[in-house]
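Engineer: Sharing a sequence plus its predicted fold:
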Amino acid sequence: MSLDYISSIMQPLLQGAETTIITFLIVILLSLPLGFLITLMAKSRVKPLAWIAHTYIYVMRGTPLMLQLLFFCFGLPLLPVIGQYLVIDRFVAACIGFVLNYAAYFAEIFRGGLLSIDKGQYEASQVLGLSRWQTMSKVIIPQMIRVALPAVANESITLVKDTALLYAVAVPELLHYAQTAVNRDFTIAPFVVAGVIYLLMTLVLTLFFKALEKRFKFE
Amino acid sequence: MTSMIEIHNLKKSFGNLDVLRKVNFSVAPGEVVAVIGPSGSGKSTMLRSLIHLEEVTGGSIRIQGEALVEDGKYATPAKIKSITSRMGMVFQHFNLFPHLTVQDNLELAPKTVKKENAAEIRRRSEELLAKVGLADKANAYPANLSGGQKQRVAIARALMMKPEILLFDEPTSALDPELTGEVLRVIKQLAEENMTMIIVTHEMNFARDVADRVIFMDNGEIAEEGTPEQIFGNPQLERTKSFLSRVEIMG
């Protein structure tokens, strides 16, 4: 495992890491708000909306992520009639799959966060004259974020590693380039380097969420 | 002078269970009314229905002559909001906003609801914190306060909205005994300033000391009411006597 060899494979590995990071950012930025929207739907007094949200969460959590990715990348074009219009870029299709899957998990995390908030908080807001929207935005959501933060951090770290599933739908990312190097050069070094790069990414995330948790401590 | 609060034939039931049955009373401006009674007697439900945290099934509530509910029919949501905004409420469990500092707890509602001038809000929050003896805690979070301090913040927060009536739902029941005094002193000071108040309480000595009138509720209705001297000194009904002896005030 010479340094020369490692520096020679760094360039493609970092290129792969870039895809991993971009995928992560796209998915996290879209799935968090979508997840919150689904939480609100699940809590809605309009029964069909709540029913749709619960079914959605059930399906997305109840089937393998890999199946969902294959479905969006290779399954959609096979649908009768509309399939021919659903041939989209594999990277985009995979991102859609990730976003829809993670939104379901985030929805459940947020729902748990909302459940943890005492009804006295709603009552105090009401007697002070806050509207429903003001109560949510100024009182409930900030407290929900604090409760949800550790679980969101956990899911985010899982997402970094789940991006390796892009390998299965042939979108080149970090693991793909490592595997290519291993096959070509008959050495285990690229796997080790890839592992270190994943660890660095999750380290950054861990520190980021630690700092966030500190900010939301309210003491 | 019109009554601050007028309640007529107030009724509330959950299925077969009558929580309130035909409750009638009125409160004059500046009057302090203590509501006592065993748990489950409906006193908290009655208090909460005044500020629309509970919906009643029948009867009328008028606040300063305006009907919140008339013969079981509620006013429009906008009207309800305008009527209930004249009242403040202090809860047994304080219900402070844990994610906000003491000062922000006081200023949140004036800033978001009343949209007043920020300097005026700041002036009032400082004045009220000084009044409840917590000027040095403006930047503390509720988690770092004692129960008595939390409840005093809650009172100051309610006063920020300049209510004409203050409702207290067992304000000292969640406190350690040695912390009740500091809260009761603040309430007593408000009484001396002629704030109209209804206080649901288990503190019989306090009720005797601060109330103009005491209402004894039992089984969803007002069993007996009168001056503290009458209720504590010479209760007429057997159930009033037995309740008072249970809470050890008679001796």
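Structural biologist: That came through, no problem.
Engineer: quick one: secondary structure of the nearest residue to B:K22 once chain neighbours are set aside?
Structural biologist: Spatial nearest neighbour of B:K22, excluding adjacent residues (C-beta to C-beta, 6 or more residues apart in numbering or on different chains): B:N9 at 5.2 Å. (Glycine included, C-beta is placed from N, CA and C.) Under DSSP: H, G, I helix; E, B strand; the rest coil, B:N9 falls in the strand class.
Engineer: From chain A, how far out is B:N9?
Structural biologist: Distance, B:N9 to chain A, by C-beta to the nearest C-beta, to the nearest Å: 24 Å.
Engineer: what about that residue, neighbour count?
Structural biologist: Residue neighbour count, defined by other C-beta atoms under 10 Å in any protein chain shown, stands at 15 for B:N9.
Engineer: Was I right to think it contacts B:G58?
Structural biologist: Yes - assessed by C-beta atoms under 8 Å, B:N9 is found in contact with B:G58 at 6.7 Å.
Engineer: who's in contact with the strand or helix carrying B:R124?
Structural biologist: Per DSSP states H and E: B:R124 is located in helix B:118-131. Under the criterion C-beta atoms under 8 Å, 6 or more residues apart in numbering or on different chains, residues B:102-103, B:106-107, B:110-111, B:135, B:137-138, B:153, B:156, B:159-160, B:186, B:189 lie in contact with helix B:118-131.
Engineer: buried stuff in it?
Structural biologist: Buried residues in helix B:118-131, counted by 16 or more other C-beta atoms under 10 Å in any protein chain shown: B:121, B:124-125, B:128-129, B:131.
Engineer: Stretch B:74-88 too?
Structural biologist: Buried residues in stretch B:74-88 (16+ other C-beta under 10 Å): B:75, B:83-88.
Engineer: Those residues in helices, which ones?
Structural biologist: Mapping the buried residues of stretch B:74-88 onto helices (DSSP state H) picks out B:83-84.
Engineer: May I ask which two of the buried residues of helix B:118-131 are separated the most?
Structural biologist: B:I121 and B:K131 (15.4 Å; C-beta to C-beta).
Engineer: Keeping just the C-alphas, turn the helix holding B:R124 into CSV.
Structural biologist: Output of helix B:118-131 as CSV, limited to C-alpha atoms (Å, rounded to 0.1, in the frame of the first residue of the first chain):
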residue,chain,number,x,y,z
ALA,B,118,-40.4,46.7,20.5
ALA,B,119,-39.1,49.3,23.0
GLU,B,120,-42.5,49.5,24.7
ILE,B,121,-42.6,45.7,25.0
ARG,B,122,-39.1,45.6,26.4
ARG,B,123,-39.9,48.4,28.9
ARG,B,124,-43.0,46.4,30.1
SER,B,125,-41.2,43.1,30.3
GLU,B,126,-38.5,44.6,32.5
GLU,B,127,-41.1,46.3,34.7
LEU,B,128,-43.1,43.1,35.1
LEU,B,129,-40.0,41.0,35.8
ALA,B,130,-39.0,43.5,38.5
LYS,B,131,-42.5,43.3,39.9
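Engineer: So what's the model's average confidence on that helix?
Structural biologist: On average, the pLDDT along helix B:118-131 is 96.
Engineer: Give me the next element, helix or strand, following that helix.
Structural biologist: Following helix B:118-131 in sequence, per DSSP H and E, is helix B:147-160.
Engineer: residues near the nearest residue to B:M217 once chain neighbours are set aside, how many?
Structural biologist: Once flanking residues are discounted, B:M217 sits nearest to B:G37: 3.8 Å by C-beta to C-beta, 6+ apart. Number of residues near B:G37 (other C-beta under 10 Å) recorded here: 25.
Engineer: hang on, B:G37 packs against B:F243?
Structural biologist: Yes - contact criterion C-beta under 8 Å: B:G37 and B:F243 qualify, at 6.8 Å.
Engineer: what about the strands in the stretch 1-150 of chain B?
Structural biologist: Using DSSP state E, counting those that start in this stretch, the strands of the stretch 1-150 of chain B run over B:5-14, B:17-27, B:32-36, B:58-63, B:66-70, B:73-74, B:87-90.
Engineer: which secondary structure elements does the shortest one contact?
Structural biologist: Read it as strand B:73-74. Using 3 or more C-beta pairs under 8 Å, 6 or more residues apart in numbering or on different chains; DSSP states H and E, no helix or strand is in contact with strand B:73-74.
Engineer: That one pairs with which strands, parallel or anti?
Structural biologist: strand B:66-70 (antiparallel) (DSSP bridges).
Engineer: What of the third one?
Structural biologist: When sheet partners are counted by DSSP bridges, strand B:32-36 sits next to strand B:196-200 (parallel), strand B:213-218 (parallel).
Engineer: what does the longest one give?
Structural biologist: Strand B:17-27 sits in its sheet next to strand B:5-14 (antiparallel), going by DSSP bridges.
Engineer: buried stuff in the partner strand?
Structural biologist: Under the neighbour-count criterion of 16+ other C-beta under 10 Å, strand B:5-14 has B:5-8, B:10-12 buried.
Engineer: okay if I get the residues you listed as TSV plus pLDDT?
Structural biologist: Shown next, in TSV, are these (pLDDT from 0 to 100):
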residue	pLDDT
B:I5	95
B:E6	95
B:I7	95
B:H8	94
B:L10	95
B:K11	94
B:K12	95
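Engineer: of all those residues, which comes closest to A:Q143?
Structural biologist: The closest of these, once distances to A:Q143 are taken by C-beta to C-beta, is B:K12, at 30.5 Å.
Engineer: What distance do you get for the closest one to chain A?
Structural biologist: With C-beta to the nearest C-beta as the criterion, B:K12 and chain A are 17 Å apart.
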